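Asks: I'd like to go over a predicted model; first the sequence, then the structure.
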Amino acid sequence: MNSVRRYVEKIGSTPLRWLLFAPLLFMMAYASAYVLKVFSPNRNDAKLKETERLFDAIPIYPGSELVDTSGTSKDRTAGVGRGYKSNVSYDALKQYYMEKLQGLSWHYEGERELFDWGRHRGGRQLSFRQGEFELKIEYAGVGANFGWDYAINVIWIA
């Protein structure tokens, strides 16, 4: 340890120290994240695969066009999402998914208004739960310009 300290003192300049130690810090952070995931309930992306299976069982509103996909898999969270273009109204979308999801054992938890930078554009979110998984349906609203009209996300959070 003394040899490392002497080497650092010999280098002298603080920016040069960071240049030498930054890769080491990055490798330690990466190794920590890897170890956390290997020993988590989501090891081998088990929870991600389960969210994908649950998502694939959800029917898509007729006439909708897939325009966006997303996914994440970490040690304590996993999820998949898709955005759709459609000319469906919020009320029709809500009625459709209330009926369809109840038959797939999703339990309705409520809805809330969504805001875009503090402005309400008619956006709404429906929330459902099935065990440790959440399902969110976001309706963008009439004045929104997100590139999608509604989105569905299935999420697991430890």
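Replies: Sure thing, it's come through.

Asks: which residues sit against the longest strand along the chain?
Replies: Criterion DSSP state E: the longest strand present in the chain is strand 119-130. For strand 119-130, the external contacting residues (CB atoms under 8 Å, 6 or more residues apart in numbering) are 54, 90, 94, 97-98, 101, 104-116, 134-144. Glycine gets a C-beta too; all of them are placed from N, C-alpha and C.

Asks: just checking the distance from it to the centre of its chain.
Replies: Chain-centre distance of strand 119-130: 15 Å, with CA atoms, centre = their mean, to the nearest Å.

Asks: parallel or antiparallel, list what pairs with that strand.
Replies: strand 107-116 (antiparallel), strand 133-139 (antiparallel) (DSSP bridges).

Asks: between those strands, which gets nearest to residue 76?
Replies: strand 133-139 (13.8 Å; CB to CB).

Asks: and residue 52, that's in a strand?
Replies: No - using DSSP: H, G, I helix; E, B strand; the rest coil, the assignment for residue 52 is helix, not a strand.

Asks: do you know how far it is from residue 154?
Replies: As judged by CB to CB, to the nearest Å, residue 52 and residue 154 stand 8 Å apart.

Asks: and residue 95, what does it touch?
Replies: So residue 95 contacts nothing (CB under 8 Å, 6+ apart).
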